[in-house]
Each structure stands twice: as structure tokens, then as C-alpha cells.
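1. For reference, the sequence and a predicted model appear below.
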Amino acid sequence: MENITLAQKVVNKMYDNDAFSKWLGIERLVVEEGKCTLRMTITKEMLNGFAIAHGGITYSLADSALAFASNSYGKMSVSIETSISHIESCKEGDVITAVAEEVSLSNKIGIYTINLHNQENKKVGYFKGTVYRTGKDWEM
């Protein structure tokens, strides 16, 4: 029998109720305390008038990685500040991976960076997020 960590239980519960991440087709690759790696494929419906991925698509992928990583300790956390730099455009069929890593964690604040890269391991974006840790525990 496989042992499921608290981080995986929390992220599973979050994902099960996250219609938007499911609609994006987000796959969970790695879930650990303070870390999360997600992947998704850019579809035609995600393209803007320039035939490249709308900036909100990679932002949303990174934001989901932030949410999963920051809640992975079992404490409910919500973003209070986020930003993204779009480094390269993404096109239909590109497979984008978001790697969230914790930079700093205190009782009330967590800071995370999320690097986004495509299937050729080319960096396409950089996201930074700050979360407020509510002190409320996730009920499992």
C-alpha cells in the first residue's frame, strides 16, 4: 500500500474541487512540502488573436502551482501578491511545465518562485507569489 503524504492529501483535495485547473488540463507531477511541479498542454482554445497562448494561461498554471505548493503543509494559504514575466511565447501543442519552489516561509507569509518552461526545456516564464498563511488547518 502506498503512503500518501499530507502534502499529497491536501493537493488532491484542492484539485478535486478545482474545476479551472481541471479545465486547463493540468497534471500534477510532483507534490511535496513547499514544492509542486505541474504540466499542461497549450490547446487552440487557449490562443489569443496572435495565435499564441493568452498570457493568462501560463499565469493560471503558475498560480495553481503556487496554491498547491503553499498549501502543502496543511495550512490554508491564499495569495496576496503575484507577478509574472513572460519570457517566450507559447504556441498550440506546447507542453508547459511549472516548477514551484519555496523561497521563504514564516508563520504568516510564504514566498515562492515558479519557473515555467516548454517541452524543449526553454524558459517561457517566471512567476513570483506571496501567500498569507491563515493558520487554519485543512480538514482531511
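-> Looks like it came in fine.
2. Which residues does stretch 31-44 contact?
-> With contacts defined as CB atoms under 8 Å, 6 or more residues apart in numbering, stretch 31-44 is touched by 5-8, 11, 24-30, 53, 57, 61, 64-65, 68-70, 72-73, 90-102, 105, 110, 112. In this view, the C-beta of every residue, glycine as well, is placed from N, C-alpha and C.
3. what mean pLDDT does it have?
-> For stretch 31-44, the mean pLDDT works out to 98.
4. Quote the end-to-end distance of it.
-> Terminal residues of stretch 31-44 are spaced 28 Å apart (CA to CA, to the nearest Å).
5. Please shift the residue numbers so they start at 422 in all later answers.
-> Got it, first residue is 422 now, which makes that one stretch 452-465.
6. Show me what counts as buried in stretch 552-561.
-> 552, 554, 559 (16 or more other CB atoms under 10 Å).
7. no no, stretch 454-462
-> Using 16+ other CB under 10 Å as the test for burial, stretch 454-462 gives 455, 456, 457, 458, 459, 460, 461, 462.
8. out of these, which one sits closest to residue 468?
-> When the buried residues of stretch 454-462 are ranked by distance to residue 468 (CB to CB), residue 462 comes first, at 12.4 Å.
9. Let me know the secondary structure of the most centrally placed residue in the chain.
-> The chain has residue 486 as the residue nearest its centroid, 1.4 Å off, counting by CA atoms, centre = their mean. Per DSSP: H, G, I helix; E, B strand; the rest coil, the secondary structure class of residue 486 is helix.
10. Was I right to think residue 494 contacts residue 427?
-> Yes - counting by CB atoms under 8 Å, residue 494 does reach residue 427; the two are 7.5 Å apart.
11. Understood, closing this out.
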